[in-house]
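A.B. asks: Need coordinates for the following:
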Amino acid sequence: MTAIPFVGKCFPTAAEFLGYLDTIQFKAWTPRFVTMHHTGGPSLATWRTYAHGNRKVPITDAQWMRNLAGYYGGELGWSAGPHFFFTPDNFCVLSLPEKRGVHAVSFNANSWGVECVGDFDSEAFTPDLANRYAEGLACLHVALGINPDPYVFNLRGLHFHRDDPKTTKTCPGRHVDKTSIVALVKAKMSQLAGAASHDDDDPPPAVVAIKRKGTVNVAAGDSLVVRDEPSAKSPETRRLNRGAAIEIIGEAMNGTTLWYKIASADGGDFVSARYVTLG
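C.D. replies: Now for the predicted structure:
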């Protein structure tokens with residue numbers, strides 16, 4: 001059985017998940033928005049039996065990712081699968097986040113696909129689950145520098161699989177209300193930004209002074225988030241449109257991600273270098 005190219009990592013906390021997302025380097029493909037799914041099968045009840053039931057050898061989320069890689073690649077013959085799987089225990093990464101996945105016909109080309117464990121046509125989308133999954137979705141939006149609203153079909157905003165006109169599915173389930181989940185994701189994004197701005201445990205990355213010119217190269221219709229510090233978790237200060245000219249006055253490495261410090265009235269703020277073409 002041939003597995004799809006996959007990551008297979010699982011992160012129990014938002015901080016760890018964001019740390020991983022901050023290492024992603026996009027090249028030819030960059031997602032514009034996030035598409036939310038539910039697994040349907042396994043249901044939440046089934047997942048609990050093989051993760052926390054009386055099995056002699058429980059199936060961990062990491063093992064589940066390995067099984068899914070074999071299923072999508074070997075049994076279905078797909079080139080990839082959904083990018084992420086969220087469970088009550090972990091935020092899991094299946095397919096390569098820097099490459100196009102397979103999860104919704106109309107949205108594969110432009111979005112990250114996220115499967116949330118549960119069958120929310122028949123199972124309750126409880127407040128605990130809503131908070132957990134919204135936290136993971138918030139991490140994805142923070143990492144991409146995008147917002148879950150306003151919704152524009154196949155361009156921006158949080159999408160549900162059922163928004164795809166090429167499907168008749170109710171995914172992510174009849175019990176999941178988009179207005180409610182968008183509001184919760186935005187609240188979680190604010191919490192993540194607040195936690196980052198008040199976290200003094202780690203010193204900020206060192207900024208090396210440089211002088212360069214650059215141009216914002218985000219996808220058409222998108223804008224580049226400018227942040228207070230060189231981190232995807234730092235609060236947003238403003239946005240720059242595609243083609244905007246910028247003056248780069250410094251650079252800083254945060255993990256494996258390069259950030260540019262750009263000139264501004266208050267002394268400078270930061271953008272991800274992956275979205276800048278040097279002039």
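A.B. asks: The stretch 51-200 of the chain: helices as residue ranges?
C.D. replies: 61-70, 127-144, 178-197 (DSSP state H, counting those that start in this stretch).
A.B. asks: Deepest in the core, which of these is it.
C.D. replies: Of all the helices of the stretch 51-200 of the chain, helix 127-144 has the most neighbours on average by mean count of other CB atoms under 10 Å, namely a mean of 21. Backbone N, C-alpha and C define where each C-beta goes, glycine included.
A.B. asks: where in the stretch 1-150 of the chain is pLDDT low?
C.D. replies: The stretch 1-150 of the chain contains residues with pLDDT under 70 at 1.
A.B. asks: one step back: quick check: which of the helices of the stretch 51-200 of the chain is nearest to Thr30?
C.D. replies: Nearest to Thr30, of all those, is helix 127-144, at 8.0 Å by CB to CB.
A.B. asks: what's downstream of the helix or strand harbouring Arg212, the next helix or strand?
C.D. replies: Per DSSP states H and E: Arg212 is located in strand 208-216. Per DSSP H and E, strand 208-216 leads on to strand 223-227 as the next helix or strand towards the C-terminus.
A.B. asks: Give me the packing partners of that following strand, helices and strands only.
C.D. replies: strand 236-241, strand 269-272 (3 or more CB pairs under 8 Å, 6 or more residues apart in numbering; DSSP states H and E).
A.B. asks: Can you tell me which of the helices of the stretch 51-200 of the chain is nearest to Arg238?
C.D. replies: Arg238 lies closest, by CB to CB, to one member of the helices of the stretch 51-200 of the chain: helix 178-197, at 14.1 Å.
A.B. asks: Just give me how far the closest one sits from the chain centre.
C.D. replies: From the chain centre to the centre of helix 178-197 is a distance of 13 Å (CA atoms, centre = their mean, to the nearest Å).
A.B. asks: same for that helix, what does it pack against?
C.D. replies: Contacts defined by 3+ CB pairs under 8 Å, 6+ apart place helix 178-197 against helix 14-21, helix 127-144.
A.B. asks: Swap in 10 Å and give it another go.
C.D. replies: The contact analysis (3 or more CB pairs under 10 Å, 6 or more residues apart in numbering; DSSP states H and E) places helix 178-197 against helix 14-21, strand 33-38, helix 127-144, strand 159-160.
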